[in-house]
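sequence plus the predicted model coming up.
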Amino acid sequence: MSDLTGSYRLRKRAVFEQLMGVVVEAVVRAVKAGWSVGEVPITFVDRPDGESKLREMEVVLYLDGLWMVFWT
């Protein structure tokens, strides 16, 4: 997958019920469980004005979450 943080997802109910949680973690856990994961391309239009609302602390928490998923 090229973008784990995209908004739209399609999951079987059983997969959804077992993997509720952080988006990236859910994708990683699905792959580790042997479920198929695919991608449907979308067109993303850049923000015309303004800046990203992503804060530094969100990046830190995101990286911490990735650490927990891959190395624990």
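Alright, I've got the coordinates.

for the helix or strand containing residue 58, packing partners?
Assigned by DSSP states H and E, residue 58 belongs to helix 56-71. Judged by 3 or more Cβ pairs under 8 Å, 6 or more residues apart in numbering; DSSP states H and E, the packing partners of helix 56-71 are helix 23-32. The way it works is simple: take the backbone N, C-alpha and C, and place the C-beta from them, glycine included.

list the helices and strands the helix it packs on packs on?
Packing contacts for helix 23-32, counted by 3+ Cβ pairs under 8 Å, 6+ apart, involve helix 56-71.

please save the CA atoms from the helix it packs on in CSV.
The C-alpha coordinates for helix 56-71 follow below in CSV (Å, rounded to 0.1, in the frame of the first residue of the first chain):
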residue,chain,number,x,y,z
GLU,A,56,4.7,17.8,16.2
MET,A,57,3.3,15.8,19.0
GLU,A,58,1.0,13.9,16.6
VAL,A,59,4.1,12.9,14.6
VAL,A,60,5.8,11.7,17.8
LEU,A,61,2.8,9.7,18.8
TYR,A,62,2.5,8.3,15.3
LEU,A,63,6.1,7.2,15.3
ASP,A,64,5.7,5.7,18.8
GLY,A,65,2.7,3.7,17.5
LEU,A,66,4.7,2.4,14.6
TRP,A,67,7.5,1.4,17.0
MET,A,68,5.0,-0.6,19.1
VAL,A,69,3.5,-2.3,16.0
PHE,A,70,6.8,-3.4,14.4
TRP,A,71,9.1,-4.0,17.3
